[in-house]
Each structure stands twice: as structure tokens, then as C-alpha cells.
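Asks: dropping the sequence and predicted coords here.
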Amino acid sequence: MSIQTIAAYLKSTLRLKCPHCRKGFLFRTSNPYKLSHTLDMYDKCPVCGQKTELETGFWYGTGYVSYALTVALSVFNLIWYWIFFGISWKDNSIIHWLIVNGIILILTMPYLMRLSRIIYLSIFVHYDPKATPKHVSTPTQPVSHD
């Protein structure tokens, strides 16, 4: 696997694009912080027609992916906090890190929930560069509910 392939995968995944065609946006709204619509997805990709929920209860597996992303973000937060501020039990700086980490996790959770769905779906649906656009009744751009 080349670096370009990995970079293309990461770019489409972080932009929350369909893992099959890497073009269609799978969520009904572009803003993950509209909390009542955070996980609203199209039934099929607007570009290639790929089904998003492969079977009943499919999304239960995203809990594991979301947990792994949260742990990875917490480790990253621990490292940068340790480098810039230092952590010690003597001065309770570990408590300060826990508070900062908690705030960061709360603020990023809507995006992480969406990202976990895209990553989990990409485990089962693989990229096809020849995926042709289908005539799907959903719009190709997410709806902005401002």
C-alpha cells in the first residue's frame, strides 16, 4: 500500500466521505454539533448508492471504534499536556489534565461519533475507484440547518 493510498483514505475518512466512492457525504447535516441530528445518515450514499446500514443493528459495533478513538485522543492529550505543562502527583497536575482532557473529549465527541461510523463502515465496505454515480434521490451536499 502506497503512502498516497493511505493519505487518500485518511483524507476521505476525516472528511466523513463514503468509503466506497470517497465522494459522497453520508450524513444529512454538515454540522455534527446539531446534537439532535448528529447521527442522521442517508440510507444510501448520494453519489454511488452504497447502502450505509448493512444489517439491522450494524452500528452497535461503532462503540468499539469510538472507544479506541477516545483512548487514542486521551493518550495524545496526555503527551502534549506532559510536554508543555508536566504532570506530577505532588502538585495535582494530573487532576488538571483530567479536566482538560474531559473538556476536549466532550467538545470532540459529536465528530468522533461520526468518524467512528465511517471507520466502522470502511471495515466492511472497500473503496472502488470505478464506483459509478447512481441515481439516488438524496442530495449530494449535506443540508445545513442553521
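Replies: Nice, I can see it. Numbering: from 1, shown residues only.
Asks: list the contacts for the spatially most central residue of the chain?
Replies: Centroid-nearest residue in the chain: L115, 0.7 Å away (criterion: CA atoms, centre = their mean). L115 is in contact with T13, L14, L16, L69, counting by CB atoms under 8 Å, 6 or more residues apart in numbering. From N, CA and C alone the C-beta is placed, and that goes for glycine too.
Asks: so how far is L26 from it?
Replies: Distance, L115 to L26, by CB to CB, to the nearest Å: 11 Å.
Asks: from P32, how far out is the residue nearest to the centre of the chain?
Replies: In terms of CB to CB, L115 sits 9 Å off from P32.
Asks: ok, L54 - contacts?
Replies: Applying CB under 8 Å, 6+ apart to L54 gives the contacts L121, F124, V125.
Asks: buried residues in the helix or strand hosting the residue nearest to the centre of the chain, which are they?
Replies: Using DSSP states H and E, L115 falls within helix 93-124. Neighbour counts over helix 93-124 (16 or more other CB atoms under 10 Å) mark 97, 101, 109-110, 112-122 as buried.
Asks: tell me the mean pLDDT over it?
Replies: Per-residue pLDDT values across helix 93-124 average out to 95.
Asks: for the residue in the chain sticking out farthest from the centre, grab phi and psi.
Replies: Residue farthest from the centre of the chain, counting by CA atoms, centre = their mean, is K90 at 37.0 Å. Backbone geometry at K90, expressed as degrees, to the nearest 10, gives phi -70, psi -40.
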